[in-house]
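> Give me a 3D structure for the following:
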Amino acid sequence: MKLKDVTTLVDINQGDFLLIDGFFDEGERIQLHKVQRVKLSVRDGTEIILKKKGNVYFNLGMYLQGTSWAKKVCIVNP
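This is a model prediction of the structure:
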């Protein structure tokens with residue numbers, strides 16, 4: 001298994017598996033998620049939707065600026 005750091009706005013695609021270090025409601029620091037959708041919006045930028053039920057997502061631009069709840073995101077490659 002290889003991990004690739006997310007460093008640009010085009011690194012993440014629908015169906016990718018992400019290892020995320022952040023602050024989750026469940027109290028866990030690190031979780032594995034499959035990207036359900038990459039939503040591009042003029043107003044909101046690029047949103048990475050992890051779970052539609054429960055509204056779990058992060059803004060990729062905010063992550064790259066260091067202002068997101070997601071503190072470290074890596075793409076998991078088999």
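> Next one, pLDDT for residue 28 please.
pLDDT, residue 28: 69.
> What separation do you get for residue 9 and residue 53?
From residue 9 across to residue 53, the span is 26 Å (C-beta to C-beta, to the nearest Å). C-beta: built from backbone N, CA, C; applies to glycine.
> which residues touch the residue lying closest to residue 22 once chain neighbours are set aside?
Excluding the flanking residues, the one nearest residue 22 by C-beta to C-beta, 6 or more residues apart in numbering is residue 70, at 4.2 Å. Going by C-beta atoms under 8 Å, 6 or more residues apart in numbering, residue 70 touches 20, 21, 22, 58, 63.
> ok, now residue 56?
33, 49, 50.
> To which secondary structure element is the first one assigned?
Of the helices and strands defined by DSSP states H and E, residue 33 is found in strand 30-34.
> In TSV: the contacts of residue 56, plus distance to residue 39, neighbour count and pLDDT.
Formatted as TSV, the contacts of residue 56 follow (distance: C-beta to C-beta, whole Å; neighbours: other C-beta atoms under 10 Å; pLDDT from 0 to 100):
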residue	distance to residue 39	neighbour count	pLDDT
33	15	21	94
49	6	16	96
50	11	19	95
